[in-house]
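Engineer: Got a predicted structure plus its sequence, pasted below:
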Amino acid sequence: MVPVYSEQVAFITGAGTGIGLATAQAFARAGASVALADINIDAAKKVAESLISEGLNAYAVPCDVTVESKVAAAIDETVQHFGRLDCSFNNAGVISSHINTADLSEAEWDRIMSVNLRGTWFCMKHELRYMLTQGNGAIVNSSSIGGLNGVAGLSAYSASKHGIIGLTKSAALECATKGIRINAICPGVIETPMLDELTDGDKTAKAELAKTQPIGRLGKPEEIADAVLWLCSSRASLVLGHAFSIDGGYSAQ
């Protein structure tokens, strides 16, 4: 049974495509009012309009997670529009092409860290300011199986996702007695635009990736969305500081 989120507000970054889009749809269809934050505001508006056409409550806000003032503005605008903030899914992220560590440029390292790790911190920082005032809330940060394991050729990406887990655990301990639960998800290989970017859309490459998964297939964005909704719900009331693998058995190998 899907958790019910009536009268609750969810803020989701990277909501225009992929896992963010699927999670925004899931929250809205579970009754939440959803703020769709994305650097591509046109994509976020398109999703919001689609949800509104279903009779659901959605609102698009521009958000560049690499700039603290823009993150603060997006969260402020969400609270001004909906009146509160109950759930946040810090999902915005980027991946690099395969580059060996010795060949990785400073610019590429900074790009990955700026979006994935610093962006997650900026979001948590400003989400927590509202949630601490309210005395409740739930945050889910998007890490990766790359945050649990090394990935050859993706050292910056893996380092950023490992960092998100450390950030999640530390903040979860700070908020453990304050009515706020913070967790991370670690998706496996999911059928998203990011995977298309990594594989250049090569169907053969994706088929080979699917063969390496114990479950025998790629994951679906909706499967990740289900986990986020559960983690934000009262059914996960004892779960905090956890890095939740959702990877078809990959990390069990």
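Structural biologist: Here it is on my side, so go on.

Engineer: who's in contact with the least confident helix or strand in the chain by mean pLDDT?
Structural biologist: Ranking every helix and strand in the chain by mean pLDDT, DSSP states H and E puts helix 193-199 at the bottom, with a mean of 79. Here helix 193-199 makes contact (Cβ atoms under 8 Å, 6 or more residues apart in numbering) with Thr17, Gly18, Gly93, Val94, Ile95, Ser97, Val189, Ala205, Lys206, Leu209, Leu218. Heads up, the C-betas are built off the backbone N, CA and C, glycines and all.

Engineer: ok, how many other residues are close to the last one?
Structural biologist: For Leu218, the neighbour count with other Cβ atoms under 10 Å is 17.

Engineer: for Pro193, same thing?
Structural biologist: Counted with other Cβ under 10 Å, Pro193 comes out at 14.

Engineer: where's it relative to Ile164, distance?
Structural biologist: Per Cβ to Cβ, to the nearest Å, Pro193 is found 20 Å from Ile164.

Engineer: can you put the contacts of helix 193-199 in CSV and add secondary structure, pLDDT and distance to Ser53?
Structural biologist: Formatted as CSV, the contacts of helix 193-199 follow (DSSP: H, G, I helix; E, B strand; the rest coil; pLDDT from 0 to 100; distance: Cβ to Cβ, whole Å):
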residue, secondary structure, pLDDT, distance to Ser53
Thr17, coil, 96, 19
Gly18, helix, 96, 21
Gly93, coil, 97, 28
Val94, coil, 96, 30
Ile95, coil, 93, 32
Ser97, coil, 85, 37
Val189, coil, 92, 32
Ala205, helix, 84, 36
Lys206, helix, 85, 31
Leu209, helix, 86, 35
Leu218, coil, 94, 29
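
Engineer: which among those end up buried?
Structural biologist: Thr17, Gly18, Gly93, Val94, Ile95, Val189, Lys206, Leu209, Leu218 (16 or more other Cβ atoms under 10 Å).

Engineer: What ranges in the stretch 51-200 of the chain fall below the confidence cut-off?
Structural biologist: Along the stretch 51-200 of the chain, segments meeting pLDDT under 70 are nowhere present.

Engineer: how does it look with 80?
Structural biologist: 196-200 (pLDDT under 80).

Engineer: quick one: the helices in it?
Structural biologist: Using DSSP state H, counting those that start in this stretch, the helices of the stretch 51-200 of the chain run over 68-82, 106-113, 119-134, 155-174, 193-199.

Engineer: out of everything not next to it in sequence, what's closest to Asn40?
Structural biologist: The shortest distance from Asn40 to any non-neighbouring residue, by Cβ to Cβ, 6 or more residues apart in numbering, is to Gly16 (5.0 Å).

Engineer: Gly119 now?
Structural biologist: Here the residue nearest Gly119, using Cβ to Cβ, 6+ apart, is Val65, at 3.1 Å.

Engineer: which residues does that neighbour contact?
Structural biologist: Thr13, Ile39, Val71, Asn90, Ala92, Val115, Arg118, Gly119, Thr120, Phe122, Cys123.

Engineer: what about it, distance to Lys178?
Structural biologist: Using Cβ to Cβ, we find Val65 at a distance of 24 Å from Lys178.

Engineer: for Phe244, which residues make a bridge with it?
Structural biologist: Beta-bridge partners for Phe244, by DSSP bridges, are Ile185.

Engineer: can you list the helices of the stretch 51-200 of the chain in JSON lines and add distance to Gly146?
Structural biologist: Shown next, in JSON lines, are those (distance: least, Cβ to Cβ, whole Å):
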{"stretch": "helix 68-82", "distance to Gly146": "23"}
{"stretch": "helix 106-113", "distance to Gly146": "11"}
{"stretch": "helix 119-134", "distance to Gly146": "14"}
{"stretch": "helix 155-174", "distance to Gly146": "4"}
{"stretch": "helix 193-199", "distance to Gly146": "11"}
